[in-house]
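Asks: Take a look and give me a structure for this.
(one chain, ligands or ions: 1)
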Amino acid sequence: MRIAVVGGGITGLFAAYYLRREGADVTLFEPEPLGARSAHAAGILEPLTAYRTNTVDFLRRVWHFWWRGTCAIRSVDARWLVESARQLERPAWPGAAETLRAMGRFSIAEYARMAQEADDFGYATRGLIERFDDPVHFAAERATALDNRAVAPVEVRAAPGGAGELFFPEVGWVHTERFVERIARELAGVSVVRHRAHAVATDGSVTAAIGGGRFDGVAVCTGVTSRSLGVPLTGVRGFGWHVRVDRPPDVATIDVDRGLAVVPFADEVKVTGGWVFDLGADRRPAARILEALRGMVEIREVLGFDDGSRPCTPDGLPTVGRRERLVVANGGFRLGWSFAPALGQAAARLALGQGETVPFLARFCGGLHSGRLG
Ligand SMILES: Cc1cc2nc3c(=O)[nH]c(=O)nc-3n(C[C@H](O)[C@H](O)[C@H](O)COP(=O)(O)OP(=O)(O)OC[C@H]3O[C@@H](n4cnc5c(N)ncnc54)[C@H](O)[C@@H]3O)c2cc1C
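Replies: Numbers count the residues shown, from 1 in each chain. Next up is the predicted model:
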């Protein structure tokens, strides 16, 4: 079967990977270097602790970030805003927790399998520390984490100078740029078109300067630009740096009240942060985020920088749906890397016409239609 994958971020790369394994004839449209818009991420794999955004708790979390200078609100998608308000504190979709857990387990197992085949992407499973300043926030998160202990084991620790720490000993991480190089090597046989797709249609058509035409299936994994196809999405931008630091931490560490992360590798450290609600591509807030990160680690040298967006649905959880030959897989939000194998596999299956959509996953795809892509 001839399948087009539109978007070569981490979701699209996994979709192309599974399609190749099924023997499909795959064309991947991506105007930038593969993975370039996903590689800024910290690469921490924690899909078992996904949280919803349509809750007062999430608004409180955003307030913490804003108060501490790591969040800004520039522009949001109007449909996403209306739908988020409509869904505020609405109970989770029946079966959502089980579906997400299964997707999380599959995703973690896939990274582990690929590392076992060849660990050329800095895969580590030494655990994650979440550090809190705010005692009320810490008490709430501690209660949730202890409730979920069977799903994601946790240890509660004191934090000198802070409210406390949660240590998740089983959480792992990957070096995002090296992972992109690895999966790109596995895409031998995929025809990569280094151009944007201007439009896609439910009959399987892709309009592009080169490589367009009619396909048996089209998997659109373009992050926030998929909103023009009737999926309510907004983007929360952030930034990532490769740095050298004095005294790197032993394990991945998140400053939860500022939304900052530090991830150690053998030869360098990745630091990330920024919660900028913005549909544009403004990089100016990055300087302020780097300053905030300097409060977490002593940065000696900056080696590289990149930026990107967290594609967010009205409840912050992933969505995958199909209309005729058109499939959209999106909404990884703050856990796009963590869910990418499962999201990519779901997109691949639907694009091949295998199986039915899962009602929970397709919940925001009811209005999916042909259209131009941003
Ligand atoms: C600071 C920060 C830290 C993060 N840390 C983590 C983490 O530790 N763990 C984790 O799990 N997640 C993390 N994330 C989230 C994760 O990075 C995102 O959820 C993920 O990048 C989303 O991937 P995606 O492929 O769905 O979309 P994107 O990364 O947005 O990729 C979409 C791709 O589609 C392409 N595209 C767009 N329009 C078109 C078009 N018309 N034609 C062709 N191609 C097109 C773009 O160029 C891009 O390459 C972090 C995010 C941020 C901002």
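Asks: Which residue does the stretch 251-374 of the chain have closest to the ligand?
Replies: For the stretch 251-374 of the chain, the residue positioned closest to the ligand under C-beta to the nearest ligand atom is residue 336, at a distance of 1.9 Å. Quick note: C-beta positions are derived from backbone N, CA and C, even for glycine.
Asks: which secondary structure element contains that residue?
Replies: Secondary structure assigned from DSSP states H and E places residue 336 in helix 336-351.
Asks: State whether residue 89 is indeed within a strand.
Replies: No - Residue 89 is assigned coil when assessed by DSSP: H, G, I helix; E, B strand; the rest coil, not a strand.
Asks: burial measure for it, as a count.
Replies: Residues near residue 89, counting by other C-beta atoms under 10 Å, number 9.
Asks: Next, residue 130: phi, psi?
Replies: Residue 130 has phi and psi values of phi -110, psi 120 when expressed as degrees, to the nearest 10.
Asks: Please apply the same query to the one 4 residues further on.
Replies: Backbone torsions of residue 134, given as degrees, to the nearest 10, read phi -90, psi 120.
Asks: list the contacts for it?
Replies: For residue 134, the contact set (C-beta atoms under 8 Å, 6 or more residues apart in numbering) comprises 64, 163, 257.
Asks: same deal with residue 196?
Replies: Contacts were defined as C-beta under 8 Å, 6+ apart; by that measure residue 196 touches 29, 31, 208, 209, 373.
Asks: So which of the residues you listed are in strands?
Replies: 29, 208 (DSSP state E).
Asks: Turn the contacts of residue 196 into JSON lines, columns for distance to the ligand, neighbour count and pLDDT.
Replies: Formatted as JSON lines, the entries for the contacts of residue 196 read as follows, by distance: C-beta to the nearest ligand atom, whole Å; neighbours: other C-beta atoms under 10 Å; pLDDT from 0 to 100:
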{"residue": "29", "distance to the ligand": "4", "neighbour count": "28", "pLDDT": "98"}
{"residue": "31", "distance to the ligand": "6", "neighbour count": "15", "pLDDT": "97"}
{"residue": "208", "distance to the ligand": "7", "neighbour count": "20", "pLDDT": "98"}
{"residue": "209", "distance to the ligand": "11", "neighbour count": "12", "pLDDT": "96"}
{"residue": "373", "distance to the ligand": "4", "neighbour count": "21", "pLDDT": "96"}
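Asks: Find the pair from the contacts of residue 196 with maximum spatial separation.
Replies: Within the contacts of residue 196, 209 and 373 form the most distant pair, 13.1 Å apart (C-beta to C-beta).
Asks: longest helix of the protein?
Replies: With DSSP state H applied, the helix covering the greatest number of residues in the chain is identified as helix 96-117.
Asks: How about stretch 113-123 and the ligand, any contact?
Replies: No - under the criterion of C-beta under 6 Å from any ligand atom, stretch 113-123 makes no contact with the ligand; the nearest approach is 13.0 Å.
Asks: where does that stretch sit relative to the chain's centre, distance-wise?
Replies: Relative to the mean C-alpha coordinate of its chain, stretch 113-123 is positioned 20 Å out (C-alpha atoms, centre = their mean, to the nearest Å).
Asks: And that stretch, end to end?
Replies: End-to-end span of stretch 113-123 (C-alpha to C-alpha, to the nearest Å): 11 Å.
Asks: who touches that stretch?
Replies: Stretch 113-123 is touched from outside by 111-112, 172-175, 178-179, 181-183, 265-266, with contacts defined as C-beta under 8 Å, 6+ apart.
Asks: Am I right that residue 179 falls within a helix?
Replies: Yes - assessed by three-state DSSP, residue 179 belongs to a helix.
Asks: Ramachandran angles for the closest residue to it other than its chain neighbours?
Replies: Take residue 179 and drop its neighbours on the chain: the residue closest to it by C-beta to C-beta, 6 or more residues apart in numbering is residue 121, 4.1 Å away. Phi and psi for residue 121, reported as degrees, to the nearest 10, are phi -130, psi 30.
Asks: Tell me how far residue 121 lies from the ligand.
Replies: 14 Å (C-beta to the nearest ligand atom, to the nearest Å).
Asks: burial of that residue, as a residue count?
Replies: Tallying neighbours of residue 121 according to other C-beta under 10 Å, which is how burial is gauged here, yields 19.
Asks: picking up where we left off before, list the residues that contact both of residue 209 and residue 373?
Replies: When contacts are counted by C-beta under 8 Å, 6+ apart, residue 209 and residue 373 are jointly contacted by 196, 198.
Asks: Give me the nearest residue to the residue of the stretch 1-150 of the chain found nearest the ligand, chain neighbours excluded.
Replies: Distances from the stretch 1-150 of the chain to the ligand, computed as C-beta to the nearest ligand atom, single out residue 9 as the nearest residue at 2.1 Å. Counting by C-beta to C-beta, 6+ apart, the nearest residue to residue 9 once its immediate chain neighbours are dropped is residue 38, at 4.1 Å.
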